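Colleague: After the sequence you'll find the predicted model.
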Amino acid sequence: MMYLQRLRFLAPAAVRGLIRHNKINATNTSGMSTGFNQANVVILHKSLADDFEKFCRANSGPLPLLFRSAPGEWSSPPLSQDSDIRTDCLQYRRYENGVLSASPSSLESYTEQMKDMVTFYLGCSFSFESAVEKLGVPVRNVEQGCNISMYKTAIPCSPVGKFSCNLVVTMRPIPLDKLGAAVRATQPMKKYHGAPVHIGSSDFLGIKDLQRTDFGDPVKFHAADIPVFWACGVTGAEAVSSCKSPLAFTHSPGCMFITDTKNEDAVSVQDKDIPEVLQISSDPLHYSLASRRAAEKIRELENIIGIDPGNRGIKHLLLKDELLKSSLSLSHAKSVLITTGFPTHFQHNPPEETDGPPGAIAMASMLLALGKHVAIVTDERAMDLYKTMLDSAAKQGIIQSPVPLLCYKEDSSDSAIRFLCENGNPETPKFDHLVAIERTGRASDGNYYNARKINIKHMVDPIDNLFVTAQKIQGITTTGIGDGGNELGMGKVKQAVREHIRNGDTIACDVAADYAIIAGVSNWGGYAVSCALYLLNTCEIHDRYLRKAVGYPKFSEGEVWTPALPSVSKEEKMLSILVGLGVRSGVSGNLGMEVDGLLFHNAHSEMIEKILGATI
């Protein structure tokens, strides 16, 4: 170990010399020549070189291209002096027709074949180890004197020509309180894989057991360590295998080429590019990334919608960053189920209020634009009403297409799990996220109350049970959006509802969502979610994290998503549709005055303009 520690402080040329003359007894180069960059190596026949370079450009996270040699060029002038790629890696891999056939310590015996071969030098995460260490982030594999942990994932890279493979990642256990530092240190180092592509449970990457590495060694976790995954240049070896070239070489995983160039740990970063790390799920553990700029804009949205036009006391229900975390979770989701419907006007037909459906449509519109699967579930008695509303919204361009409309009826104890999961199997949920907006919520006595404490249970299907069951299904996250505390999901703030909302002891919803978004009018919450999703998906940092740094960036597609944003004209059309169907404005149980819908249309228009102003 003492010998390996001395290698940390040797110059790269000295370490390469020791490697060249077989003087180093080590299994990897992690920690050697601290502060200098290391490189992955791929050596291919020149006929494949152009396509491989395109493959690297298309998947720059795992394959950041540092230098491409000429055919038969052993040196790498931009990266090092006095180097020879045939001898300067600890160990190599030889592939024949895509199959690993040998692991030589030198390629000198292949000099003749290599005259027609091109060497690619690709960035390596070993390069950023000194940068994270300077911020007090431990590098566990260096501490433990072992190779980094590397895993094949289920994430496909963007294919080019004969090159097609899945992403390979490295994993480093990072202390919980050092996550932000590790991400900030690596974010600007795009030549060396940049920021992590995943933080949390390895299940999201298709990795079932962290103790069973595909390359390298399993690294021991300390208490409070979180698994953090970076894109890995060994992806290049998988690409080489996929192309089935008659002959190709790579470095052996962890046995990198050490360059003479210093790493970029001192790169200055603008505030807008500083990443924030936020936990969006505990079971399974899942964190997400967004830029500080995007996060602050979403926090501004949360403040804008948190006003209280009816003086109900909702300021006491507000929880910081619920909009941000919920929107991050929704951004990661592939399939979303939305529910709404609050029969406030129980003496009329229909009994629905205008608050809820417009916000649900606004969220569905943006989710659809982002390529998510979306469905809406509501009471069986209201199915015809909602079908007409959705069809009309689609015809008038408020939403791109009609959304599947579902109802939920209970006929057995497992009805909820059968509704939420394929074949009732909790390991295969149909939805990643459930959202309730202005949806009547069950109180602690099992009844459903409006703001005046009138029981409306006879008009409500038990959709709450979907949210209760979702809490027990790994992989489903839930959000509740409300403006009075009696809405589905507000169980997260029920104590505050009981203390600060009129009739709170009776009406407080008992069913909690993972995230509780509080708004002066629930529709505003739906509009804010739509805008937050837009902000996240036009954020370069979040976009890269979503796609795991493979494929091409999508964050610049804002012009495509802009038509899905809420607007005053869309709300006018929605209100016209709802009023035409006999739906009435909501009523504040606190003051007996209308706080949304037509009578407060001017206030609504101003609010939408504020929300859009904070977004674009």
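Modeller: Ah, there it is.
Colleague: Every contact and neighbour count from this point should use C-alpha atoms.
Modeller: OK.
Colleague: Could I get the CA-only coordinates of the longest helix anywhere in the chain as CSV?
Modeller: Longest helix of the chain, by residue count under DSSP state H: helix 522-537. Extracted as CSV, the C-alpha positions of helix 522-537 are listed here (Å, rounded to 0.1, in the frame of the first residue of the first chain):
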residue,chain,number,x,y,z
SER,A,522,-55.8,24.5,-7.2
ASN,A,523,-55.9,25.2,-10.9
TRP,A,524,-52.9,27.5,-10.3
GLY,A,525,-51.0,24.5,-8.9
GLY,A,526,-51.7,22.6,-12.1
TYR,A,527,-50.5,25.5,-14.2
ALA,A,528,-47.3,25.8,-12.0
VAL,A,529,-46.6,22.0,-12.4
SER,A,530,-46.9,22.4,-16.2
CYS,A,531,-44.5,25.3,-16.2
ALA,A,532,-42.1,23.6,-13.8
LEU,A,533,-41.9,20.6,-16.2
TYR,A,534,-41.1,23.0,-19.0
LEU,A,535,-38.3,24.6,-17.0
LEU,A,536,-36.8,21.3,-16.0
ASN,A,537,-36.8,19.9,-19.5
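Colleague: So which elements touch it?
Modeller: Applying 3 or more C-alpha pairs under 8 Å, 6 or more residues apart in numbering; DSSP states H and E, we find helix 522-537 packed against helix 292-305, helix 322-332, helix 357-369, strand 433-439, strand 477-482, helix 540-546, helix 558-561, helix 601-613.
Colleague: so how far is the fifth one off the chain centroid?
Modeller: Taking C-alpha atoms, centre = their mean, to the nearest Å, one finds the center of strand 477-482 at 18 Å from the center of the full chain.
Colleague: Strand partners (parallel or antiparallel) of it?
Modeller: When pairing is defined by DSSP bridges, strand 477-482 lines up against strand 433-439 (parallel), strand 515-518 (parallel).
Colleague: tell me the mean pLDDT over the shortest one?
Modeller: It stands for strand 515-518. Over the span of strand 515-518, the pLDDT mean works out to 98.
Colleague: coming back round to it: so which of the helices and strands packed on helix 522-537 comes closest to P350?
Modeller: P350 lies closest to helix 357-369 among the helices and strands packed on helix 522-537, at 13.6 Å (C-alpha to C-alpha).
Colleague: how close does the closest residue to K262 other than its chain neighbours sit to F467?
Modeller: Spatial nearest neighbour of K262, excluding adjacent residues (C-alpha to C-alpha, 6 or more residues apart in numbering): F36 at 4.3 Å. Counting by C-alpha to C-alpha, to the nearest Å, the separation of F36 from F467 is 51 Å.
Colleague: out of these two, which sits in the busier spot?
Modeller: F467 (27 against 22; other C-alpha atoms under 10 Å).
Colleague: secondary structure class for that one?
Modeller: helix (DSSP: H, G, I helix; E, B strand; the rest coil).
Colleague: That one reaches A436, doesn't it?
Modeller: No: contact criterion C-alpha atoms under 8 Å: F467 and A436 do not qualify, at 9.0 Å.
Colleague: anything in contact with each of these two?
Modeller: Jointly contacting F467 and A436 under the rule C-alpha atoms under 8 Å, 6 or more residues apart in numbering are G489.
Colleague: hang on, the earlier thing: check the gap between the residue nearest to K262 and T119 for me.
Modeller: 20 Å.
Colleague: same check, this time on A248
Modeller: 10 Å.
Colleague: Overlap of the contact sets of the two?
Modeller: Listed as contacting both A248 and T119 by C-alpha under 8 Å, 6+ apart are 42-44.
Colleague: what bridges to L405?
Modeller: In beta-bridge terms (that is, DSSP bridges), L405 pairs with I376.
Colleague: so it sits right up against V374, yeah?
Modeller: No: applying C-alpha under 8 Å, one finds L405 not in contact with V374, separated by 9.5 Å.
Colleague: Make JSON lines from the helices and strands packed on helix 522-537 and add distance to T339 and mean neighbour count to it.
Modeller: As requested, the helices and strands packed on helix 522-537 are exported to JSON lines (distance: least, C-alpha to C-alpha, whole Å; neighbours: other C-alpha atoms under 10 Å):
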{"stretch": "helix 292-305", "distance to T339": "20", "mean neighbour count": "21"}
{"stretch": "helix 322-332", "distance to T339": "15", "mean neighbour count": "24"}
{"stretch": "helix 357-369", "distance to T339": "8", "mean neighbour count": "26"}
{"stretch": "strand 433-439", "distance to T339": "5", "mean neighbour count": "28"}
{"stretch": "strand 477-482", "distance to T339": "10", "mean neighbour count": "29"}
{"stretch": "helix 540-546", "distance to T339": "26", "mean neighbour count": "22"}
{"stretch": "helix 558-561", "distance to T339": "23", "mean neighbour count": "13"}
{"stretch": "helix 601-613", "distance to T339": "22", "mean neighbour count": "16"}
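Colleague: Let's have the ones you listed in TSV, adding distance to G61.
Modeller: Formatted as TSV, the helices and strands packed on helix 522-537 follow (distance: least, C-alpha to C-alpha, whole Å):
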stretch	distance to G61
helix 292-305	21
helix 322-332	19
helix 357-369	25
strand 433-439	28
strand 477-482	28
helix 540-546	9
helix 558-561	22
helix 601-613	33
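Colleague: for those, which one sits closest to G446?
Modeller: Ranking the helices and strands packed on helix 522-537 by proximity to G446 (C-alpha to C-alpha) places strand 433-439 first, at 15.3 Å.
Colleague: For that closest one, the averaged confidence score.
Modeller: Mean predicted lDDT for strand 433-439 stands at 98.
Colleague: Skipping adjacent residues, who's closest to S415 in space?
Modeller: K409 (7.6 Å).
Colleague: Would you list the phi and psi of that neighbour?
Modeller: phi -120, psi 140 (degrees, to the nearest 10).
Colleague: show me what contacts it?
Modeller: By C-alpha under 8 Å, 6+ apart, K409 lies in contact with 380, 415, 461-462.
Colleague: Would you point out the most distant pair within those residues?
Modeller: The largest separation in the contacts of K409, counting by C-alpha to C-alpha, is between E380 and S415 at 15.3 Å.
Colleague: Flag the shaky bits of the stretch 51-200 of the chain, pLDDT-wise.
Modeller: For the stretch 51-200 of the chain, no stretch is flagged by pLDDT under 70.
Colleague: Tell me which stretches of it form helices.
Modeller: Per DSSP state H, counting those that start in this stretch, the stretch 51-200 of the chain carries helices over the ranges 111-114, 129-134, 140-143, 179-186.
Colleague: Please identify the most buried of these.
Modeller: helix 179-186 (a mean of 22; mean count of other C-alpha atoms under 10 Å).
Colleague: now for it, which elements pack on it?
Modeller: Here helix 179-186 touches helix 129-134, strand 275-282, going by 3+ C-alpha pairs under 8 Å, 6+ apart.
Colleague: Just the residues contacting the last one, thanks.
Modeller: Contacts with strand 275-282, where a contact means C-alpha under 8 Å, 6+ apart, come from 179-180, 183-184, 187, 285-292, 295, 325-326, 328-329, 477, 541.
Colleague: what do you get for the first one?
Modeller: Applying C-alpha under 8 Å, 6+ apart, the contact partners of helix 129-134 are 31, 34-35, 138-139, 181-182, 185-186, 263, 265.
Colleague: This completes my enquiry, with thanks.
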